[in-house]
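> I would like to see how this sequence folds:
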Amino acid sequence: MYKTQKNKLIYSVLMLVCIAAYWLFDNFYTPDTYSQQTENGPKTSIARNLMPSSTTGEIVEHSHYTLSYNEPYEQAEWVAYILKKEHLTHDDRKRPYFIEDPKVRTKSADWRNYKGSGYDRGHLCPAGDRRFTKQAYDETFYTSNISPQDRDFNAGIWNELEKQVRMWAKQYGEVFVVTAGVLEKGLEEIGEEDVDVPKFYYKIIARGNGDDQKVIAFLMEGKQSTKSLKQFSVPVDKIEIRTGIDFFEKLSKKQQNQLESTVDTGDWNFKF
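Predicted structure coming up:
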């Protein structure tokens, strides 16, 4: 009798372990990597003097963009990349699966956190900016490069800003972009891993070098708007205060003050 009860207990425990293991595998297994297998492959480098600070120290470098991951919010606090005129191809790419970022030490959030949430998996470095190679395109589908976005916002004013940035890349030859949601306390959370939903998103664009450098910044509430893009332009200083991130920290204090304290939309040709 005792042996039978013991066997039943062992069987029950093993069943529970198998069920738990299957659930973990089904929900949080990372099936593959989109990163290059060697360090010698093609890369899009970012000048060091353009890089922002990281409030977390979790810097992840991919071949064609770099990010700072914020584990408590389960997303990047910024994604930075260079967009060149020659990057803007119309190559037809097969949309891959969203997968966890193997380079994030704590593992980025699983895409299933977004399932049924009502929010889009909004790219930070847009897949449309990285069609020039399959590998560049695929690596934008790491979940470290997405953030929950209202569908109308993602397809509306935010999409217009992304298209405007592409136009500037064509016009000026090359721009630097850093972007993400504003991560702050008290945000709505979704999924098993409590992915935070930013209320506001920012994008900072720079072009040129030295005394010819120009910067423009945008801060938008994460909902659709009929306003023009110019109406969302703000000083970089305002975004620094909201995020705690020091953008262009490698520049001299004098140059930072010149670029970050004012808004000058006249230096940029707007379509939207």
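> When you work out contacts or count neighbours from here on, use the C-alpha atoms and nothing else.
Will do.
> what residues are up against the residue nearest to Asp150 when sequence neighbours are not counted?
With sequence-adjacent residues excluded and distances taken as Cα to Cα, 6 or more residues apart in numbering, Asp150 is closest to Tyr119, at 5.2 Å. Contacts for Tyr119 (Cα atoms under 8 Å, 6 or more residues apart in numbering) come out as 148-151.
> Go again with 10 Å.
147-152, 154, 190, 197 (Cα atoms under 10 Å, 6 or more residues apart in numbering).
> Please identify which two of the residues you listed are farthest apart in space.
Asp152 and Ile190 (18.2 Å; Cα to Cα).
> List the contacts of Tyr65.
With the criterion set at Cα under 10 Å, 6+ apart, Tyr65 makes contact with 43-46, 79-83, 125, 130, 136, 139-140, 145, 177-178.
> same deal with Lys94?
134, 137-138.
> Mind putting the residues you listed into CSV with neighbour count, distance to Glu260 and pLDDT?
Formatted as CSV, the contacts of Lys94 follow (neighbours: other Cα atoms under 10 Å; distance: Cα to Cα, whole Å; pLDDT from 0 to 100):
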residue, neighbour count, distance to Glu260, pLDDT
Lys134, 16, 36, 94
Tyr137, 22, 31, 97
Asp138, 21, 33, 96
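> for the residues you listed, which one is nearest Gln75?
Nearest member of the contacts of Lys94 to Gln75, counting by Cα to Cα, is Asp138, at 17.9 Å.
> Kindly confirm my reading that the closest one is in a helix.
Yes. With DSSP: H, G, I helix; E, B strand; the rest coil as the criterion, Asp138 is assigned to a helix.
> residues touching it, list them.
Contacts of Asp138 by Cα under 10 Å, 6+ apart are 33-35, 93-98, 127, 130-131.
> Please apply the same query to Val195.
71-75, 109-110, 113-114, 147-148, 187-189.
> Gly244: neighbour count?
Using other Cα atoms under 10 Å, Gly244 has 16 other residues around it.
> That one touches Ser54, doesn't it?
Yes. Contact between Gly244 and Ser54 holds when scored by Cα atoms under 10 Å: they sit 9.0 Å apart.
> out of the contacts of Lys94, who's nearest Trp168?
Using Cα to Cα, these come closest to Trp168 at Tyr137, 20.3 Å.
> Skipping adjacent residues, who's closest to Ala136 in space?
Once flanking residues are discounted, Ala136 sits nearest to Arg130: 5.4 Å by Cα to Cα, 6+ apart.
> picking that back up, go through the contacts of Tyr65 and flag which are in strands.
79-83, 177-178 (DSSP state E).
> so who does Lys218 touch?
Wrong residue type there; residue 218 is Phe, not Lys. So Phe218 contacts 161, 179, 201-205, 229-236, 238-239, 263 (Cα under 10 Å, 6+ apart).
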